[in-house]
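Engineer: Got a predicted structure here, sequence first:
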Amino acid sequence: MNLPNSLTILRIFFVPLLVAALVQENVGFRLGSLQVTNEWLGLAIFLTAAGTDLLDGYLARRWRQVTTIGTLLDPIADKLLVSAALISLVQVRVLPGWMAVLIIGREFAVSGLRSIAAAEGYTIKASDLGKTKMFAQVVAISCMLLSVRHPALLFPSKILMWGVIVFALLSAVSYFRKFWHKVDARVKSRRRNELLLLERKRQRAMMRQRRSSRGKEGLGAATIWKPPEVN
């Protein structure tokens, strides 16, 4: 396994650490004279995981180690990280639940589209809108994490989250418009070919059955017929 894929898998392992840091009460420690509390620990974990997202993509392109498994795992790791952060923020009551449901629902919808496309031989790469959405998510979630202990940041955090929702919906529409027609057309074409193949098999079976019936009739006629007797 190459280094970019290892970083992607490492990002998945950051997910339970992020949830534990955010939802557990009074999780913190001293770092010299600085008291590291829940939100700062969660922010550090989240930014480190988000940094691996930038690093694995950069290394994969620079070292020409772009693989199919990396292309599929990278968006899954991103969605797990963002979903875990959003659900944790809902748990600590700083993010409205409907915002988290809308963003996570969009992620599931795009993941489903990617799965269908992969089954049909297409690889859906991240669009520019999708990358902008991911950057907006990192900024908004980071600000929302700090608002847990600093309520003055709550209002700007919600404004940023509204921007995330706009980018999320626009990128979802872009994915569906770009790939749904191709995938839908290919599925219909494959289904049409399968039906034609089944119809041909059915017709061949009927022809063999007819030939078999004719052969039995001819054999029966030859058995019953007798030549006339000569006196």
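Structural biologist: Happy to help now that I have it.
Engineer: contacts, neighbours, all on C-alpha from now
Structural biologist: OK.
Engineer: Show me where the chain dips below the pLDDT cut-off.
Structural biologist: Within the chain, the segments meeting pLDDT under 70 span 25-35, 120, 123-127, 180-185, 187, 215-231.
Engineer: In terms of secondary structure, what does the longest helix seen in it contact?
Structural biologist: Secondary structure of the chain per DSSP state H: the longest helix is helix 154-224. The contact analysis (3 or more Cα pairs under 8 Å, 6 or more residues apart in numbering; DSSP states H and E) places helix 154-224 against helix 97-119, helix 128-146.
Engineer: Pull out the buried residues from the first one.
Structural biologist: The reference is to helix 97-119. 99-100, 103-104, 106-107, 110-111, 113-117 (16 or more other Cα atoms under 10 Å).
Engineer: From the contact counts, what lies against that helix?
Structural biologist: helix 68-91, helix 154-224.
Engineer: any idea which of the ones you listed is most buried?
Structural biologist: helix 68-91 (a mean of 19; mean count of other Cα atoms under 10 Å).
Engineer: got the CA coordinates for stretch 75-84 in CSV?
Structural biologist: Output of stretch 75-84 as CSV, limited to C-alpha atoms (Å, rounded to 0.1, in the frame of the first residue of the first chain):
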residue,chain,number,x,y,z
PRO,A,75,-14.4,10.6,-0.7
ILE,A,76,-15.6,8.0,1.8
ALA,A,77,-13.0,9.1,4.3
ASP,A,78,-14.0,12.8,3.8
LYS,A,79,-17.7,12.0,4.3
LEU,A,80,-17.0,10.0,7.4
LEU,A,81,-14.9,12.8,8.9
VAL,A,82,-17.4,15.6,8.1
SER,A,83,-20.4,13.5,9.1
ALA,A,84,-18.8,12.6,12.5
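Engineer: sorry, back to before: distance to Ala21 for the helices and strands packed on helix 97-119 - can I get that in JSON lines?
Structural biologist: Listed next are these as JSON lines, based on distance: least, Cα to Cα, whole Å:
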{"stretch": "helix 68-91", "distance to Ala21": "9"}
{"stretch": "helix 154-224", "distance to Ala21": "19"}
